[in-house]
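# Quick check, what structure comes out for this input:
(chains A and B)
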Amino acid sequence: DQQVKQNSPSLSVQEGRISILNCDYTNSMFDYFLWYKKYPAEGPTFLISISSIKDKNEDGRFTVFLNKSAKHLSLHIVPSQPGDSAVYFCAASASLFNKFYFGSGTKLNVKP
Amino acid sequence: DARVTQTPRHKVTEMGQEVTMRCQPILGHNTVFWYRQTMMQGLELLAYFRNRAPLDDSGMPKDRFSAEMPDATLATLKIQPSEPRDSAVYFCASGLAETSGIRIEQFFGPGTRLTVL
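I've put the predicted structure just below:
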């Protein structure tokens, strides 16, 4: 049973527009969340994180929003660029669990 | 620059054969993870080590999978015997944990794409 779900396998966005990638989780114990980006034939690379004491964290064009009551987080990319085309994974952990749980990924395609 | 390296990058083998995947973590990192990426499950944690000691291998099928760290510069993941359902991309990641917690930045290797016929 997957505790972290990314229900959209793919997303296509026009260059310059906003990309919104969504992630849902089931375990209310999760209190730390991350987003990773993965290009083909490479390993995932860390993008941005958020702790449950916050509801928003921003880093340049990337912003992660956390809605604890809905057990939902989202990654916003503004403006989207063709180089952002990749697979994005969200991950969650809890201090008690001592491990990260990953979603299945969303493939983002930013069209020029 | 410092990177996690994995060998081989690709492996095609027949069912029943032994497969060994190797990982060289970033020098100085004390935590090593093994993940498997499949289409259906995404990234699954198989096992991880801290200071070469196994901390969690609950995600790994124990009957055929084994993970070891013979020394601080080498981690291995072995499948014996391999089965077609083991076909996936296997990633190794390393990080530096300064406390007992797991919330460390993980640096991933490029992965080993395994195909079991």
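
# who in chain A is up against chain B?
By the rule C-beta under 8 Å from any C-beta of the partner chain, the part of chain A lying against chain B is A:2, A:6, A:32, A:36, A:41-46, A:89, A:91, A:93, A:95, A:98-105. Every residue, glycine included, has its C-beta placed from N, CA and C.

# Give me the distance between the two termini of stretch B:50-65.
Its first and final residues considered, stretch B:50-65 spans 19 Å by C-alpha to C-alpha, to the nearest Å.

# How about A:Gly43: what's its closest non-neighbour residue?
B:Phe108 (2.9 Å; C-beta to C-beta, 6 or more residues apart in numbering or on different chains).

# State the distance from the one you found to B:Met39.
Taking C-beta to C-beta, to the nearest Å as the measure, B:Phe108 falls 18 Å from B:Met39.

# More neighbours: which of these two?
Per other C-beta atoms under 10 Å in any protein chain shown, whichever of B:Phe108 and B:Met39 has more neighbours is B:Phe108, with 23 against 9.

# list the helices and strands the lowest-mean-pLDDT helix or strand in chain A packs on?
Every helix and strand in chain A was compared by mean pLDDT, DSSP states H and E; the lowest is strand A:100-102, with a mean of 88. Packed against strand A:100-102, as judged by 3 or more C-beta pairs under 8 Å, 6 or more residues apart in numbering or on different chains; DSSP states H and E, are the following elements: strand A:86-93, strand B:42-50.

# touching chain A at all, the following helix or strand past the last one?
Using DSSP states H and E, the helix or strand that follows strand B:42-50 in sequence is strand B:53-56. Yes - using C-beta under 8 Å from any C-beta, a contact is recorded between strand B:53-56 and chain A, made by B:Leu55, B:Asp56.

# Tell me the strands beside strand B:53-56, with direction?
Here strand B:53-56 is paired, per DSSP bridges, with strand B:42-50 (antiparallel).

# Give me the contacts around the strand it pairs with.
Under the contact criterion C-beta atoms under 8 Å, 6 or more residues apart in numbering or on different chains, strand B:42-50 has outside partners A:2, A:6, A:44, A:89, A:91, A:99-105, B:30-38, B:54-57, B:59-60, B:65, B:67, B:69, B:75, B:77, B:90-91, B:97, B:102.
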